[in-house]
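Engineer: I would like the atomic coordinates for the input below:
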Amino acid sequence: MGMIGNVIRVSEEELNTFLKDSEILENKIYADESYEAEWFLDLDKSWDGINYILTGEIIGGLENEPNKLQRALFSFQIIDEEQDLGYGPAQYLNPNQVKETYSVLEKITDENLKNKINGSEMNEIGIYPEIWTEIESHEFLIDSFKEFKEFYKKASENNEAIITYLN
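Structural biologist: Residues are numbered from 1 along each chain as shown. Have a look, this model is predicted:
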């Protein structure tokens, strides 16, 4: 199966509820109907590729506070340090941070993306799932990024928070 990246949109009120009781978040994301909900985005195995084309870095390569693009997937703002949703705890951005991050994401064009994809380099440094020299993987990554960007746009327009996690 592998590591799957997931992103959800929630109200600020819901985010605050999850910060007080992370079990409520777990119940929400693992409910059967969640996977079909409009507030849920399954990035499948594109998450590390998206992170790499946004940041030029591998996960964990950050030494300072993440910038707006670096925090798009991994904000390092943890819902609950003790909770493990498969590969660690969920991370979040509040609605204002979502708007700030989207203001940068919206400027990224398809051409920008294509220029940042270097399959050999991505495989060499271990960008999961190390399929990036296959031409189809470039289309997969670009399509996934477009969905991700559109998801952020909706969150920004709706004044919603973003929660990300790997499972």
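Engineer: can you pull out the low-pLDDT segments for this structure?
Structural biologist: Where the chain drops to pLDDT under 70, the residues are 1, 59-66.
Engineer: now with 80, please.
Structural biologist: Residues of the chain meeting the criterion pLDDT under 80: 1, 57-68.
Engineer: let's verify the most centrally placed residue in it: helix, strand, or coil?
Structural biologist: In the chain, the centroid-proximal residue (CA atoms, centre = their mean) is residue 73; its distance is 3.3 Å. Classification of residue 73 by DSSP: H, G, I helix; E, B strand; the rest coil places it in coil.
Engineer: again with the one 10 residues further on
Structural biologist: Using three-state DSSP, the structure places residue 83 in coil.
Engineer: so it makes contact with residue 91?
Structural biologist: No: counting by CB atoms under 8 Å, residue 83 stays clear of residue 91, with 11.1 Å between them. (Glycine included, C-beta is placed from N, CA and C.)
Engineer: on that earlier part again, excluding chain neighbours, what is closest to the residue nearest to the centre of the chain?
Structural biologist: Nearest residue to residue 73, sequence neighbours excluded (CB to CB, 6 or more residues apart in numbering): residue 51, at 4.9 Å.
Engineer: so the one you found lies in a helix, does it not?
Structural biologist: Yes: the assignment for residue 51 (three-state DSSP) places it in a helix.
Engineer: next structured bit after the longest helix along the chain?
Structural biologist: Looking across the chain with DSSP state H, the single longest helix is helix 135-157. On the C-terminal side of helix 135-157, the closest following helix or strand by DSSP states H and E is strand 161-166.
Engineer: just the angle between that following strand and helix 135-157, please?
Structural biologist: Angle of strand 161-166 versus helix 135-157, following axes from the mean of the first three to the mean of the last three CA atoms, to 10 degrees, is 150 degrees.
Engineer: extract the CA atoms of strand 161-166 and return them as PDB.
Structural biologist: Extracted as PDB, the C-alpha positions of strand 161-166 are listed here (Å, rounded to 0.1, in the frame of the first residue of the first chain):
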ATOM      1  CA  ALA A 161      -8.200  25.500   7.900                       C
ATOM      2  CA  ILE A 162      -6.100  22.800   6.300                       C
ATOM      3  CA  ILE A 163      -5.100  19.600   8.000                       C
ATOM      4  CA  THR A 164      -2.500  17.200   6.500                       C
ATOM      5  CA  TYR A 165      -1.400  13.700   7.500                       C
ATOM      6  CA  LEU A 166       0.200  10.600   6.100                       C
END
